[in-house]
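Trainee: Show me how the following folds:
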Amino acid sequence: GDLKVIDVTVEGTDAVLVHDAHTASPTTAFALSRLADADTLHRTPIGVLRDVRRPVYDTLMAEQLEKAVIQHGKGDLGALLAGND
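Mentor: Model (predicted):
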């Protein structure tokens with residue numbers, strides 16, 4: 001599955017790749033980013049090759065902390081530090 005630059009008049013439109021930057025898999029975006037060499041430099045793909053929305057660390061951590069407070073209560077740091085554990 002290597003990508004290559006083709007001449008559409010020779011190969012036909014069936015060989016043309018239509019890229020979706022919102023696809024979950026990074027495979028095609030990565031392959032497109034590697035399409036640069038001395039012979040095709042003037043046709044190197046540029047722009048947004050991958051645009052996928054997914055949660056970031058801060059959001060996931062905040063959700064995890066909120067869930068813990070709901071399940072176990074807010075907690076008491078002083079009691080924890082002065083406790084027997």
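Trainee: Would you quantify the distance from Val48 to Arg54?
Mentor: Distance, Val48 to Arg54, by CB to CB, to the nearest Å: 16 Å. Where you see a C-beta, it was placed from the backbone N, CA and C, and this is true even at glycine.
Trainee: likewise Phe30?
Mentor: 17 Å.
Trainee: before we move on, what about Gly75?
Mentor: For Gly75, the distance to Arg54 equals 30 Å [CB to CB].
Trainee: quick one: which of those two has more around it?
Mentor: Gly75 (10 against 7; other CB atoms under 10 Å).
Trainee: what ranges do the helices span in the chain?
Mentor: Using DSSP state H, the helices of the chain run over 8-11, 27-33, 57-72, 77-82.
Trainee: okay, those in JSON lines with distance to His42 next?
Mentor: Shown next, in JSON lines, are these (distance: least, CB to CB, whole Å):
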{"stretch": "helix 8-11", "distance to His42": "16"}
{"stretch": "helix 27-33", "distance to His42": "16"}
{"stretch": "helix 57-72", "distance to His42": "39"}
{"stretch": "helix 77-82", "distance to His42": "62"}
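Trainee: Just name the most buried of the ones you listed.
Mentor: For those, the largest average neighbour count (mean count of other CB atoms under 10 Å) is found in helix 27-33, namely a mean of 15.
Trainee: quick one: contacts for the most centrally placed residue in the chain?
Mentor: When CA atoms, centre = their mean is applied to the chain, the residue found nearest the centroid is Val52 (5.2 Å). Under the criterion of CB atoms under 8 Å, 6 or more residues apart in numbering, the contact list for Val52 reads His22, Thr23, Ala24, Pro26.
Trainee: Many thanks, I have nothing further to ask.
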